[in-house]
Every structure is written in C-alpha cells, then in structure tokens.
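K.L.:
Here is my input, please return the structure:
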Amino acid sequence: MVLAEFLIYLDKRSRTNTSWPTAHVMKHLGVFLFGFTVNELFTIALKQRVGQLRPHFFDVCKPDFNAINCSQGFITEYTCMNTHVSQREIRESRLSFPSGHASLSMYCAVYIGYYIQVHMSVTYSSVLKPALQSVLVLLAVLNGLTRINDHKHHPIDVIAGFFFGAAIASFVFGTLGLKIQKTSKVTLDQKVSETFNAASETARMSLKKKYLYQGEVSCDTTISILEEENAKETPMDFVL
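P.N.:
Numbers count the residues shown, from 1 in each chain. Reported below is the predicted structural model:
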C-alpha cells in the first residue's frame, strides 16, 4: 500500500503541487489491519473447530501403533512417542485446515490489488497496475504451494485458505475501503471548489480596484472584462 501511494504521489507531484497524503494512507492502513485481524481470527476459529491432521503428523507424533485399537474405526486415543518435539508442535500438527499462510497471503494480495485498482491512476504507464496486481497474486499462490511442498498442508487446505482470504479482503474493502475512498473524493472536490471560488473572488476584487482607480467605466464594460479574466484563469495547484 505504501509503495502504491508512493507511485501515485510521484505521478501527481509531476503535475501538481501535491503533498504526501498521510491521513488517507493511515485510514486505509487501519482498515487493512482490521481485515487482517478478522482474517486471522476466522482462520484460527476454523482450525480449532475443523482441525484435520497435517501430512507430516506421523513424523511429528510417532504414535505407538501397538497401543491403538483399530477395531473402533476412527481413532481418538493414541500416545505420541516422539520426545524430540514439544506438545505445541504436536498440537499444531493436528490443525491443518485451512492454511493460515495461504489465507493471509491471499488476503494481502486481494486487498492491495483492490486498493491499487480503485485509488491508483498512473498516467505514464498502462500496464503498471495489472502488473503489480499479477505479481501480488502470484506471490500469494507461490506461498501456498510452498506449504504443500513442505508437507505442512494438504492441497484442499491451501485452496480453502485462498478462498477465505480473498472473500474477507473483498468484503472488508467493499464495505470500508470504498467508503474511505468516496469520503476522500468528496473532500477533494470541496477543496477544488473552494480554491477556484477563492481565485475568482480575488480576481473580481482586483479588477474592481483597478478600474475604480483608473476612472469611471460602464457596467457592461466591467462585466465583459470580468468574464474575459475569469475565462483566462487556470486551475491553481492545491495541496491534498
């Protein structure tokens, strides 16, 4: 997000007197962190509720098969013989679904992708936005694939993590991120309107003093001159 804002800042800086939009960035960062927290809580809740053994569970636990009664079908009581791992690692080996890494990485990729799509308007390149979005999604997918290659998750765990992360990012940005964007646009329009109104009023007062000092002129002449001066006015630079 900071990189996207920096690129936007450079683009606007080349055309207008634009300052770094600290307030705007902090608002979006707050929404991003809120969604990040929601995503983590949702993933942890699913892990605790659903669970599922990780692919490397037997290597971590090394259960005593001689003490297991296989006649009951589903085994709920067993004893881990591996003394080289902690109880926390054994507990984590039972929490495979969904993949927290896949969920988090896809949440970040989708949220920032939406942020770039809505807020970023770079004039010097037409492929920069889709390129950045593609890189974000690609990094998220690669992160999920490494969890499968490391035998920490099943493919369904990673796919579910991708889905949950993308869904939460879409919901948070659609409900809160776009609201910030609309509020910022209204504020910007107000600043532009106030700047133009102030410029027009200043021009009128200057012309009034000028022609009153030079002598009497007709009302029609004054109006005509004012209209010509207003038509020549160019938009002033303003600070976001």
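K.L.:
drop to CA atoms for contacts and neighbour counts, all remaining ones
P.N.:
OK.
K.L.:
ok, which stretches of the chain are strands?
P.N.:
Counting by DSSP state E, the chain has no strands at all.
K.L.:
for it, what spans make up the helices?
P.N.:
Taking DSSP state H as the test, the helices found in the chain are 2-13, 22-49, 57-61, 87-92, 100-119, 128-149, 155-172, 178-214, 219-232.
K.L.:
which stretches of this protein have low pLDDT?
P.N.:
Along the chain, the model assigns pLDDT under 70 to residues 1-21, 181-240.
K.L.:
now do 50
P.N.:
The chain contains residues with pLDDT under 50 at 186-189, 191-192, 211-213, 215-218, 236-240.
K.L.:
Now do Thr76: how many residues are near it, please.
P.N.:
8 (other Cα atoms under 10 Å).
K.L.:
For it, give its distance to Ile159.
P.N.:
From Thr76 across to Ile159, the span is 27 Å (Cα to Cα, to the nearest Å).
K.L.:
go on, Tyr124?
P.N.:
36 Å.
K.L.:
between the two, which one's more packed in?
P.N.:
Ranked by neighbour count (other Cα under 10 Å), Tyr124 and Ile159 place Ile159 first, with 18 against 8.
K.L.:
Enumerate every residue touching Ile159.
P.N.:
In this structure, Ile159 makes contact with Ala102, judged by Cα atoms under 8 Å, 6 or more residues apart in numbering.
K.L.:
shouldn't Met81 be in contact with Asn66?
P.N.:
No - in this structure Met81 lies outside contact range of Asn66 using Cα atoms under 8 Å: 11.5 Å.
K.L.:
if you count what's nearby, which of those two comes out ahead?
P.N.:
Between Met81 and Asn66, counted using other Cα under 10 Å, Met81 has the larger neighbour count: 13 against 9.
K.L.:
Could you tell me the phi and psi values at that one?
P.N.:
For Met81, the backbone dihedrals (degrees, to the nearest 10) come out as phi -100, psi -10.
K.L.:
do Val50 as well
P.N.:
Torsion angles, degrees, to the nearest 10, at Val50: phi -90, psi -50.
K.L.:
From Asp59, how far off is it?
P.N.:
21 Å.
K.L.:
More neighbours: the two, which one.
P.N.:
Val50 (14 against 11).
K.L.:
list the contacts for the more buried one?
P.N.:
95, 97.
K.L.:
how much space is there between it and Arg147?
P.N.:
19 Å.
K.L.:
Also Gln72?
P.N.:
32 Å.
K.L.:
go on, Ala102?
P.N.:
Ala102 is 8 Å from Arg147, by Cα to Cα.
K.L.:
which residues does Leu178 contact?
P.N.:
Applying Cα under 8 Å, 6+ apart, no residues contact Leu178.
K.L.:
And it, how far from Tyr111?
P.N.:
Taken as Cα to Cα, the span from Leu178 to Tyr111 is 11 Å.
K.L.:
how deep is the closest residue to Ala167 other than its chain neighbours tucked in, by neighbour count?
P.N.:
Excluding the flanking residues, the one nearest Ala167 by Cα to Cα, 6 or more residues apart in numbering is Tyr107, at 7.9 Å. By the criterion of other Cα under 10 Å, Tyr107 has 28 neighbours.
K.L.:
again, but for the one 3 residues further on
P.N.:
Applying other Cα under 10 Å, we find 23 other residues in the vicinity of Val110.
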